[in-house]
Structures are given as C-alpha cells and as structure tokens.
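Q: Fold the following.
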Amino acid sequence: MPWLHKDFWIGPIIIAFILGVLALVFSRGRLRRIYESHLGESRRERMFLASLGFFVSVLVVRGITIAIHNDIGPFHNVDMGGRHIHHMVWGILLLLLVGYLWLIQIGTGLPNSSPWAGRFCSMVYGIAAALTLDEFALWLNLKDVYWQRQGRESYEAMGLFGGIMAIGVFGAPLFKGIAREFLGMFTQGARHR
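A: Next comes the predicted model:
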C-alpha cells in the first residue's frame, strides 16, 4: 500500500504546510480585510485558491522530482508491488473526487454550500491539476518521457493551464490593495517622525 509508505506523504505534507502558512497569513488583520475586499465574491476566491494550489503544487512536485532524479535528500519514488506509481495517478483520483463533490453540490459556492468546503475543493482542484499536468507528456506519448526532450510538453501544458488560471483569477486588485496598504504604512510612519 503506497499510502503506508513515508515517501507518499512528503509531498502532500509540504504542499499542505505551505498552503496552511499562506492561509494563516491572510486570516487576520489588514491582509484579511484586503483579501475579503478583493476576493469576497465566491467565484473569484475559488479561482484564486485553485491557482494558488496549482502553483504551489507545481513548485513542490517539480522540486521533489528533481531531488529524486538527482538522488538528493530523503525523496524516493512511490512503488507498489514493484510498479512505479506516477503522481499523475493521484492527480486523476483527486480530480475525480472534486468532480464528484461538485456534482453533489459540495463546495460549489452556491448559497447553501459551505464556504470552507468551496475553499478546500478549490485548492484540491488546483493541486490535482498540477499533479496531472506535470506528467502531461506521459499521457500524451503513452510512455515515461519525463526526463527526455518530449517531457517539455508537460512544462508547456502547465504553463498554458497556469496562465489560464491566473487570467481567470483577476487577482490584480488584491495585489494592488496589498501594495497600497504597505505604501500607506510607510508613508504614515514617515509623517509621524
């Protein structure tokens, strides 16, 4: 059973830790108010969280696979019965799970749906998309070309999807609000001297 092996949990723990720290940072004070004012609408927030899950997962998964390939650190492939289990498998399973939850209207952003379920499903969707698209070249070529020239197709697929996600977020107002807030803090501090 792969989920009983410690190597199975390294990636999910790193991704959860990073997303948890970001959630904690935006859960209080001024950053929370900025977040709510710019991402208060359910659809925009879910797109932002899916993008965040996607980009964090791409960085973590690529980092771990590079470490495995170069024999760095405690990272190893996950095998089951002598068969390598590609992380695309977990991505597909997570996509199926999120799709099913959305079919039964859990986390959809509808008025009777839990906002926390929507946030969770959105992040899991982004994570699942990253896990799946990171091995796009494998499912396109029907062979493991991860470290070969054809593996570049995975980068292209992730870049295209990441761009679409970023455009969908329209997150620029959030970052402008953060910049305005920080500039305001510095200009207020300068006035009080």
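Q: looking at it, Trp90 is touching Asp134, isn't it?
A: No. Assessed by C-beta atoms under 8 Å, Trp90 is found out of contact with Asp134, at 10.7 Å. Every C-beta, even on glycine, is put in place using the N, C-alpha and C of the backbone.
Q: how much space between the residue nearest the centre of the chain and Pro111?
A: Nearest to the mean C-alpha position of the chain, counting by C-alpha atoms, centre = their mean, stands Gly53 at 1.6 Å. For Gly53, the distance to Pro111 equals 24 Å [C-beta to C-beta, to the nearest Å].
Q: again, but for Ser37
A: From Ser37 to Pro111 the distance is 21 Å (C-beta to C-beta).
Q: count of neighbours near His87?
A: Using other C-beta atoms under 10 Å, His87 has 19 neighbouring residues.
Q: what's it in contact with, if anything?
A: By C-beta atoms under 8 Å, 6 or more residues apart in numbering, the contact list for His87 reads 11, 61, 65, 131, 134-135.
Q: Remind me what the lengthiest helix in the chain packs against, helices and strands.
A: Counting residues, the longest helix found in the chain (DSSP state H) is helix 42-69. In terms of contact count using 3 or more C-beta pairs under 8 Å, 6 or more residues apart in numbering; DSSP states H and E, helix 42-69 is assigned the packing partners helix 6-25, helix 115-133, helix 152-169.
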